[in-house]
Structures are given as C-alpha cells and as structure tokens.
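> Would you be able to build a 3D model of this:
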Amino acid sequence: MGVAAVTPRVRTIVVCDDVTASLTEEKVFTLDGVRHHLEADVFPWRFPLNLFLLLSSPRRGKYFGKVLIVNQRTDKAIRYVKFVAEFHGDNELLPLCVDIGDFIFPESGQFDFEIYFSAPAGGEAVKGELPFIVIAH
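Numbering: from 1, shown residues only. Next up, the predicted model:
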C-alpha cells in the first residue's frame, strides 16, 4: 500500500493571523485574520502566521507531519515546520493548529503551503497544498 493511502487526509487548510480555542467547547476554534493573500510595504516582510488544518484518518494513531512553505519563483522551501497529529479513534476528524511563527517573506509573489505526512513504515506523501500570494503594496 502506498504512503498516501496510509497517512491522514487534509480536508481544510486555512492561513490566518491567529487561532483561538474555545474556552467552553472542545474542538471549537475562532480563526482571526483569515487570509488568501498578504500585502507588504517593503521586503523582506516579517509577519506572524498560523495554519488551521482539518484532518481525517480512517485509522487511529500518531502521524508525523510537516509544513513546507515554498517560494514558487525559485521552487525552494523557505520554511519547514514539524507537527504531530494524533487520532484517538478510527474515521476521526481532527482540527489542528500549526504555529508558523514570525515568517519572513523575501519578496512578493506566490508561496505554496505544502502539507506532508510520513508513513509509519517510511516514506512521505504530500497531502495538501495551498497557494498564497504576497503583493507589494
């Protein structure tokens, strides 16, 4: 069986300024500053970002993932962030926040957020991608 078949599926990718968990309800979040682009005055431009992911998995277990942010013009990864997704039951939906931190965009253009998962037996597969545009203001 291929790596993609045995790793979680990415159902939703949202780039936002901040993710806040509800104080009263489990697995409920408020997403602040949801973005599909960013406007910058000068470059390099530093900006704090978070990713909100909604994941699913047919089987329970702990899965290791990573986010790569790739500059589309150079085709080079400019940020690498690891995360762990733990599913406690089969066929579970899992909301997950990944803190990208203060990210430095070196120039205007398109940057791709790529989500990867590693299989327990080895290998990894890209499971989601989201283009993100940075505009010179």
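> residues near P8, how many?
Residues near P8, counting by other CB atoms under 10 Å, number 23. Yep, even glycine has a C-beta here, placed from its N, CA and C like the rest.
> show me what contacts it?
Contact partners of P8, counting by CB atoms under 8 Å, 6 or more residues apart in numbering, are L55, S56, S57, Y63, G65, A85, F87, L94, F117, K127.
> In stretch 59-77, which residues are buried?
Y63, G65, K66, V67, L68, I69, V70, N71 (16 or more other CB atoms under 10 Å).
> Pretty sure A5 sits in a strand.
No. Using DSSP: H, G, I helix; E, B strand; the rest coil, the secondary structure at A5 is helix, not a strand.
> Can you show me the strands along the chain?
Applying DSSP state E to the chain gives strands spanning 9-21, 29-35, 37-40, 45-57, 61-71, 76-87, 92-105, 109-118, 124-136.
> Residues in contact with the shortest one: which ones?
With CB under 8 Å, 6+ apart as the contact definition, strand 37-40 has outside contacts at W45, F47, F105, S108, F132, I133, V134, I135, A136, H137.
> Any quick PyMOL command for the buried ones out of the residues you listed?
To isolate the buried members of these in PyMOL, using 16+ other CB under 10 Å:
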select buried, resi 45+105+108+132+134
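> With distance to C16 and pLDDT as added columns, please give the contacts of strand 37-40 in a markdown table.
A markdown table is the format used below for the contacts of strand 37-40 (distance: CB to CB, whole Å; pLDDT from 0 to 100):
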| residue | distance to C16 | pLDDT |
| --- | --- | --- |
| W45 | 17 | 95 |
| F47 | 12 | 95 |
| F105 | 16 | 96 |
| S108 | 20 | 97 |
| F132 | 11 | 97 |
| I133 | 15 | 97 |
| V134 | 15 | 97 |
| I135 | 17 | 97 |
| A136 | 22 | 95 |
| H137 | 20 | 82 |
